[in-house]
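Novice: Sequence first, predicted coordinates after that:
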Amino acid sequence: MVRQIAFAILGISVSGMLAQTVAPRPKFDAFEVATIKPVDPDAKAGRYIVMQGNNRFVEKAYTLKLLIAAAYDLNPRTISGGPGWIESDHYDIVAVTPGEVRPTHDEQMSMLRNLLTDRFKLTFHREQKVFSIYELEIAKNGPKLKESGSPADEPPQLISTVYPQRIVMPARNATMSDLARLMQRAILDRPVVDKTGLTGRYDFDLEWAPDETQFGGEVPVASADAPSLPLFSTIQQQLGLRLEATKGPIAALVVDKAERPSAN
């Protein structure tokens, strides 16, 4: 009663405050506005996709093929077809997302898929093909993973930072599926399939020395005396998992049509 009187004095109703705090989450079907600009490839500048604040989606120096890989959680090797420029032309994208809530990674990729269809006129079909793959499995002595204390609906965070001679990747509230998806679309040179059977969400930190099989060759290979272990050794030592090289069927994506986007 005292709290209600205090709110009344301030001219604020309790019901009004509750209505403001539970505003509906927007549908992240499409960006409100997006600018696409062709750019010259510059290996020194790097490439990335990042959210700046709650509403600014920024992509730097991706080809259309790499945009498709990001949007559909694919390894680039599983994408074929389309005109040759989808692997050579590079683009910067700056877009505004709807509402005042920061979209999750999956929501960002949903809007990116819409943009690829609308602006690049992308059409494709799927074909089952056999590829060289990695299977993410539990190592002999079992997993070394810490259950996350974050709420289950909190978006996972997996961010790779490149330093001289090492890569550092803190992960928070991440599933093994999240890890496999990141490994295949952005780090390793072949698809990654989660075979761990683990369904929990975990907090962990990975640090490893990069080699020529990672990041499409865009990250310098660590020297033989680098202080960090190679990725395959690190995953086993730090997480109690392993990456097993094998072959397996993957739902590959075949581009039927793509057009260069019109000038903004």
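Specialist: Structure received. The model shown is predicted, which means the values in this text are computed figures rather than measured ones. Numbering: from 1, shown residues only.

Novice: how much space between residue 98 and residue 262?
Specialist: 23 Å (CB to CB, to the nearest Å). To be clear about C-beta, it is placed using only N, CA and C from the backbone, and glycine gets the same treatment.

Novice: of these two, who's got more company?
Specialist: The neighbour comparison of residue 98 against residue 262 (other CB atoms under 10 Å) goes to residue 98, with 16 against 7.

Novice: which residue packs closest to that one, ignoring adjacent ones?
Specialist: Of all residues not flanking residue 98 in the chain, residue 26 sits nearest, at 4.5 Å (CB to CB, 6 or more residues apart in numbering).

Novice: and that neighbour, how many neighbours does it have?
Specialist: 14.

Novice: From what I see, it and residue 96 are in contact.
Specialist: No: the criterion here is CB atoms under 8 Å, and residue 26 misses it with residue 96 at 12.0 Å.

Novice: mind listing what's buried in stretch 95-111?
Specialist: Within stretch 95-111, the residues that count as buried by 16 or more other CB atoms under 10 Å are 95, 97-98, 103, 105, 107-111.

Novice: got the contact list for residue 168?
Specialist: 160-161, 205-207 (CB atoms under 8 Å, 6 or more residues apart in numbering).

Novice: 6 Å instead?
Specialist: 161, 207 (CB atoms under 6 Å, 6 or more residues apart in numbering).

Novice: Over to it. Which of the three states is it?
Specialist: Secondary structure state of residue 168, per DSSP: H, G, I helix; E, B strand; the rest coil, is strand.

Novice: cool, residue 106 as well?
Specialist: Looking at residue 106 with three-state DSSP, the answer is helix.

Novice: tell me the contacts of residue 232?
Specialist: Residue 232 makes contacts with residue 243, as judged by CB under 6 Å, 6+ apart.
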